[in-house]
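**Q** What follows is a predicted protein model with its sequence.
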Amino acid sequence: MKEINVAMIGQGFMGRSHSNAWSQVAKFFEPPIHPVMHTVFGQPAEKPELFAKKWGWRNAATDWESLVRSPAIGLVDIVTPNFMHSPPARAAIAAGKPVSCEKPIAGTLDEAREMAQAAKKAGVKTAVWFCYRRCPAVALAHQMVKAGEIGDIRHVRAHYLQDWADESVPLVWRFDKSLAGSGAHGDLNAHIIDLIRFVTGQEIAEICGSIAETFIKQRKKMTGGSGGGIGGTQEGSDEMGEVTVDDAVLFLARLSGGAIGSFEAARQATGNQNRNFFEINGTKGAIKFDFERMNELEYYDARSQRRTQGWTTIMCTHGSDHPYVANWWPDAHLIGYEHTFTNQAYDFLLDIAGKTPVVPVPTFEDGYQTQRVLEAALLSAEERRFINLDDVT
Ligand SMILES: NC(=O)c1ccc[n+]([C@@H]2O[C@H](COP(=O)([O-])OP(=O)(O)OC[C@H]3O[C@@H](n4cnc5c(N)ncnc54)[C@H](O)[C@@H]3O)[C@@H](O)[C@H]2O)c1
């Protein structure tokens, strides 16, 4: 059996979800290469040896540079805050190793471009964890559009809305531009930009106006530096610090295939806890997805007879018809958030082995294309003008 030793850099929220994926993938799928959970990197204060023991890593390390270079390591997986994506990714590429990295691919467009170019030049396999591509319902949407079942796409509307970031949440790294790059924008719009690129097969060609807003301009500083977590579980001190990222970004866009679209990311959209949503309207039909009901895809067939026409809820839980499902539970037994990561681990292992993934793996080039759109939307908001994507490279 072929194996690959994985080093994971970081051990927060995504560290847990990726550990789960690496430990599950060869139990539910039959990947051509089996991942060995070799070493996890964490900062000394995080006690990586305890994390390693709990999550099944054989070793723990506190020096990521020598870990990435180590000849024992075959695959590098990066789950640190955005400013800490490029250094380990570039080191892995320089060592000729496959590398997977959390989204957004980087904190800045320059870093994203350098990562994509370096990977292309070195010819290494790369992946960005745009995990929502691997909800069976989203993978089905991709397949339906590709098969022409929706027809020519006219409209896309996508939003990713959360509501966790009220005043009580302290200045975690997600509110610091030097660590995160941007706020809700890079965190949430990155996902829906990738989803729309993936499902429609179209690029975003022009940003036709954008609004970026920061409602809460100061937050309590973290007691021990700029800590992690999404919020809620973190303690702040009495001292206040500046928020340097957006709370919400909205923009309008033209797509390369003629569609027009709207995008919105927000962290204070009360009542929306994790509403990652898109609707796509084509000449033959329409589809809708909402992550809060992630096992379902809504489909409207514009060709069916008017008398009984309407939205159909497809429960995407049938192994013989829906991507990834056959490898999980018997038909109609629902799956959740963590499964999308395991599905992605499987596809990346297929890709590394030179085999075709279930649906395409987002590469560093895809991460860079998404980062161009993020950058263009911020530019549009700042300069109050339309931005042609050809001018943002
Ligand atoms: N795909 C998704 O659905 C999803 C969800 C959440 C987060 N993310 C992405 O995952 C990444 C990590 O987010 P998270 O929620 O796991 O964050 P987190 O704060 O929970 O964990 C971050 C980890 O990185 C470590 N770290 C922080 N600063 C570091 C430094 N200077 N050097 C080395 N290590 C450092 C932390 O100690 C911690 O182990 C981000 O890029 C984020 O955008 C993706």
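**A** Perfect, thanks for sending it. Numbers count the residues shown, from 1 in each chain.

**Q** Gln273 contacts Phe291, doesn't it?
**A** No: using Cβ atoms under 8 Å, Gln273 and Phe291 do not qualify as a contacting pair, with a distance of 9.9 Å. Backbone N, C-alpha and C define where each C-beta goes, glycine included.

**Q** Neighbour count for the two, which is higher?
**A** Just comparing Gln273 and Phe291: by other Cβ atoms under 10 Å the higher neighbour count belongs to Phe291, 20 against 12.

**Q** shouldn't the more buried one be in contact with Phe277?
**A** Yes: using Cβ under 8 Å as the test, Phe291 is close enough to Phe277 to be in contact (7.2 Å).

**Q** buried ones in the worst-scoring helix or strand of the chain on mean pLDDT?
**A** Using mean pLDDT, DSSP states H and E, strand 236-242 stands out as the lowest-scoring helix or strand of the chain, at a mean of 89. Going by neighbour count (16 or more other Cβ atoms under 10 Å), the buried part of strand 236-242 is 236, 241.

**Q** can you give me how far that strand is from the chain middle?
**A** Its chain's average C-alpha position is 30 Å from that of strand 236-242, according to Cα atoms, centre = their mean, to the nearest Å.

**Q** residue contacts, whichever residue of the stretch 51-200 of the chain sits closest to the ligand?
**A** The ligand sits closest to Glu102 of the stretch 51-200 of the chain, with a gap of 3.4 Å, by Cβ to the nearest ligand atom. The contact partners of Glu102, by Cβ atoms under 8 Å, 6 or more residues apart in numbering, come to 14, 78-80, 85, 128-129.

**Q** about what we covered before: and the next element down the chain from the least confident helix or strand of the chain?
**A** Sequence order places strand 248-255 as the next helix or strand after strand 236-242, per DSSP states H and E.

**Q** Is whichever helix or strand comes after that following strand in proximity to the ligand?
**A** Downstream of strand 248-255, the first helix or strand assigned by DSSP H and E is strand 260-266. No: for a cut-off given as Cβ under 6 Å from any ligand atom, strand 260-266 has no contacts with the ligand; the smallest distance is 12.3 Å.

**Q** List the pairing partners of strand 260-266 within its sheet, with orientation.
**A** strand 153-161 (parallel), strand 248-255 (antiparallel) (DSSP bridges).

**Q** Columns mean pLDDT and distance to Asp187 on top of those strands, output as JSON lines?
**A** Below are the strands paired with strand 260-266 laid out as JSON lines (pLDDT from 0 to 100; distance: least, Cβ to Cβ, whole Å):
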{"stretch": "strand 153-161", "mean pLDDT": "98", "distance to Asp187": "8"}
{"stretch": "strand 248-255", "mean pLDDT": "98", "distance to Asp187": "10"}
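
**Q** which residues touch the spatially closest residue to Gln162 that is not a sequence neighbour?
**A** Leaving aside its sequence neighbours, Gln162 sits nearest to Arg267 (Cβ to Cβ, 6 or more residues apart in numbering; 5.1 Å). Residues near Arg267 by Cβ under 8 Å, 6+ apart: 162-165, 183-184, 187-188, 247-248.

**Q** Would you check how far apart Arg267 and the ligand are?
**A** Distance of Arg267 to the ligand, computed by Cβ to the nearest ligand atom, to the nearest Å: 13 Å.

**Q** Please, where are all the helices along this protein?
**A** Counting by DSSP state H, the chain has these helices, from start to end: 13-28, 48-55, 64-69, 86-94, 109-122, 136-146, 177-180, 184, 190-200, 337-352, 364-383.

**Q** Can you tell me which of those helices is packed in deepest?
**A** Among those, the stretch with the highest mean neighbour count (mean count of other Cβ atoms under 10 Å) is helix 184, at a mean of 28.

**Q** how far is that helix from where the chain is centred?
**A** Counting by Cα atoms, centre = their mean, helix 184 comes out at 13 Å from the chain centroid.

**Q** List of residues touching it?
**A** 160, 162, 245-249, 265-267.

**Q** hmm, try it at 7 Å
**A** 246-249, 265-267 (Cβ atoms under 7 Å, 6 or more residues apart in numbering).

**Q** quick one on the thing from earlier: for the contacts of Glu102, pick the one with the most neighbours.
**A** Across the contacts of Glu102, the neighbour count under other Cβ under 10 Å reaches its highest value at Val128, namely 31 neighbours.

**Q** for the nearest residue to it once chain neighbours are set aside, what are its contacts?
**A** Of all residues not flanking Val128 in the chain, Gly367 sits nearest, at 4.0 Å (Cβ to Cβ, 6+ apart). With contact taken as Cβ under 7 Å, 6+ apart, Gly367 is in contact with 103-105, 112, 116, 128.
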